[in-house]
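Asker: 3D model of this:
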Amino acid sequence: LVLDLIAPRKKTETTKIFDMIKHLFLVLVAISIVLSVKSLPPKQLSGPPSSFDTHQIPLPSSVATDEKSATFLIHFRDALRNNVGFEQNLFVVDLPVEVDHVLFTFASPYRDSLVLDLIAPDGYHVDLAKYLKKEEFPLGDVGNTVPVDTYLLDDLDIGLYKLMVVDNGLNNDDRLTIMANNNPNAIVSIMNPDHIRIKSFVTSFKMNVGEKIGLNTMISEDISMLGVGSEVVIDHAELDIFTPTGEEIEKEMFDTVTNGLGDIHDRVYTAEIVSEQPGIYLAQAKIDGHIVRNDGTEMQFTRSTQHILDVSPGGVKLNGKATTKSIQNDGERIKIHIGVEKTENFAETLKYRGFAEVWGVHKETQEHVPVAWIGSITEVVDSFITLELNLKWMAKAQAVFPLTLKNVYIADVNTNMPVTTLDDIVVVGSSMLRSSQYDQVLSLPADIPVTKEMRHGVNPLKRKLTSNATANPVSLILLHGYCSDVNPFEDHDDIFHDAAYFLHKNGNVRNDEFALMVEEFANSQGSEAYSIIAHSQGGMVALHLANYYWSKLDLSTGGKTIQTLGTPWQGCSAAGNAADLGKAFGVGCGPNTDLSRDGAVVWLTGIEDEIQRSVHYYTTTYKQGKMFGDWCNLAMNAILNWPNDGTTEIDHAHLQYATNEGNTQKQCHTTGMGYTAQYLDKNRNKKMNADASR
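Answerer: Next up, the predicted model:
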């Protein structure tokens, strides 16, 4: 764009018309810039049959959330309706203490108007003040937290304690707010570091409007550690769901029978509801039970898990049809049109990802053989989606037409979840492609090397050749993560060279939209090619961009394309708890299912193996080795798997085909935690800057 400054003058009709034309031109140019980013050319992804399983939607049970804690969502409404007043109980929480040292936390936007009173089984009032540690619970990357009281109690008698939440001066405005909405007014969590854990997982990853959504849950325990002859008894299991409109639904969870005998239970409890609108559902599974020891004594326990369920409008359904089409002047690739029916919830704004395994016929044995998987971000055009197949995959498999598609699914790009699936689709008309156009490629030997073009398609972008060293001033983009107040790397702007610091202040943006914003930002900085250094969710965003779209990220050379720090590649166990706290306080940026365990693991199924290899990732933790562990954030440590950096758990921080650059102890995810923030390590930042491709 060229801007000119014109001195004031009296406008004639001619100059007014000229100004209108110039304004329209500037608007059209701006729109063209936005559209060029929003319509980035998608990559046509493919891979060998050996990676079929990697890209299939996993079983929900393989992504179970595993917790040793219990979280209680507390509402004061009933007490206020009964005119509870000053110095009276607003709520009573039963807290089972199973060992002599426990951790519990309390958070409420009304904390200054409340008093807590913890009463032991013998009536003794625990002196909470001497155990109190005030912390901030992180709701995002940098600068978004809520205050939490943490209590690390020791020398306790085992038994059922009662936590009294007492009104100590709620004002009328607070009372009206509490009565007017359905948000929890306080949240209590307790963690008993023993051998009883709860595992929960969604009943299905196919979550569309009008379909059932819910949770399966069970208790897992080490009986040998509880004592020989001990028995775990489940007293009650409940599913608590908040819908996108804020409605709370409570359902009892029932024991399921899976072995067909009808009288033997597998101790898995389940409950579902029908989703009536798209959007985010917050769900909690809670189990109350007791342990009967061999001496006849009993010990109560409670465990819970929190989940974020993202319901898609759906919009399409596979119709079982598929056809092929040649690509003009291309003897290596063909298009495969996969038929769909539009459902009542279809909208042009919906964005999909298609996937299919391609099978052919072996040219000698005539047996069906696997050829390759194909996938891409795509759109519905004339009642079909389109994927591409490089026929060199057929040559490697020594396969010929006709083709069959297997394990086909279409996923919602925003929710990551499949909206429609089919086991088999016969590709009609593929035998008609036996023309001389493809004879040469299909006759290639099976040991031909796998190329980038086979895996990703043809790159339509070309890097401009220039001898001017200043022609590409920005060759490094630094990204923050979810819900960040600042770009965390900007404090070290003296270290990062030719760099630009992306900031979408306090944003809650899904990976796909975030990725497009990054390319738009790079364009605005005049970059011709760049690499990325990213913190937290920013790493997922960088990989999403590299995987699904041709961008200037693909044009950088000579170093590491993507370097990440503290990225929860397989999601974060605390995503549901953070959503609960944000809801209670009415703050934060809202839930983001890309960061949940379910959302992240399903998202990873779409990431091609070789593109993962372009990633180099770093992790950090607190100092490891104590009974409770050290910690970056004590409140988070009650929820997260150990070890962690206060947000990202090491168990979920690994990316299968990427390069692990190692873990550093005594560094935490963000500021305000037990150790210095990981992104302030000057030596690591210098190394990443030097290693970055340009």
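Asker: only C-alpha atoms for contact and neighbour calcs from this point on.
Answerer: Fine.
Asker: pLDDT below threshold where in the chain?
Answerer: The chain contains residues with pLDDT under 70 at 1-38, 222-229, 257-266, 430-436, 465-472, 626-629.
Asker: Show me where it has its helices.
Answerer: Taking DSSP state H as the criterion, the chain contains helices spanning 13-38, 77-81, 172-180, 223-226, 392-397, 436-442, 452-456, 511-524, 537-548, 575-585, 597-604, 609-612, 634-637, 682-691.
Asker: quick one: which of the ones you listed is nearest Glu136?
Answerer: Taking C-alpha to C-alpha, helix 634-637 is the member of the helices of the chain nearest to Glu136, at 8.2 Å.
Asker: Okay, buried residues for that closest one please.
Answerer: Of the residues in helix 634-637, Leu634, Ala635, Met636, Asn637 count as buried by neighbour count, 16 or more other C-alpha atoms under 10 Å.
Asker: now stretch 287-306
Answerer: Across stretch 287-306, burial judged by 16+ other C-alpha under 10 Å covers 287-293, 299-306.
Asker: Widest-spaced pair of those?
Answerer: Farthest pair in these (C-alpha to C-alpha) is Arg293 and Gln306. Separation: 29.3 Å.
Asker: Redo the helices of the chain as CSV? Include distance to Val115.
Answerer: Formatted as CSV, the helices of the chain follow (distance: least, C-alpha to C-alpha, whole Å):
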stretch, distance to Val115
helix 13-38, 52
helix 77-81, 15
helix 172-180, 16
helix 223-226, 35
helix 392-397, 68
helix 436-442, 76
helix 452-456, 60
helix 511-524, 42
helix 537-548, 37
helix 575-585, 18
helix 597-604, 35
helix 609-612, 51
helix 634-637, 19
helix 682-691, 44
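Asker: Tell me which of these approaches Leu565 most closely.
Answerer: Smallest distance to Leu565 across the helices of the chain (C-alpha to C-alpha): 7.4 Å, for helix 537-548.
Asker: so the closest one versus helix 597-604, what angle?
Answerer: 30 degrees (axes from the mean of the first three to the mean of the last three C-alpha atoms, to 10 degrees).
Asker: name the helices or strands packed onto helix 537-548?
Answerer: Packing partners of helix 537-548 (3 or more C-alpha pairs under 8 Å, 6 or more residues apart in numbering; DSSP states H and E): helix 511-524, strand 531-535, strand 562-565, helix 609-612.
Asker: TSV please, covering those and showing distance to Ser383 and mean neighbour count.
Answerer: Formatted as TSV, the helices and strands packed on helix 537-548 follow (distance: least, C-alpha to C-alpha, whole Å; neighbours: other C-alpha atoms under 10 Å):
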stretch	distance to Ser383	mean neighbour count
helix 511-524	23	21
strand 531-535	37	29
strand 562-565	37	26
helix 609-612	30	18
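Asker: would you turn the ones you listed into TSV with distance to Val541?
Answerer: TSV is the format used below for those (distance: least, C-alpha to C-alpha, whole Å):
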stretch	distance to Val541
helix 511-524	5
strand 531-535	9
strand 562-565	10
helix 609-612	12
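Asker: Select, out of the ones you listed, the one closest to Glu453.
Answerer: helix 609-612 (12.0 Å).
Asker: name the helices or strands packed onto that closest one?
Answerer: When contacts are defined as 3+ C-alpha pairs under 8 Å, 6+ apart, helix 609-612 packs onto helix 537-548.
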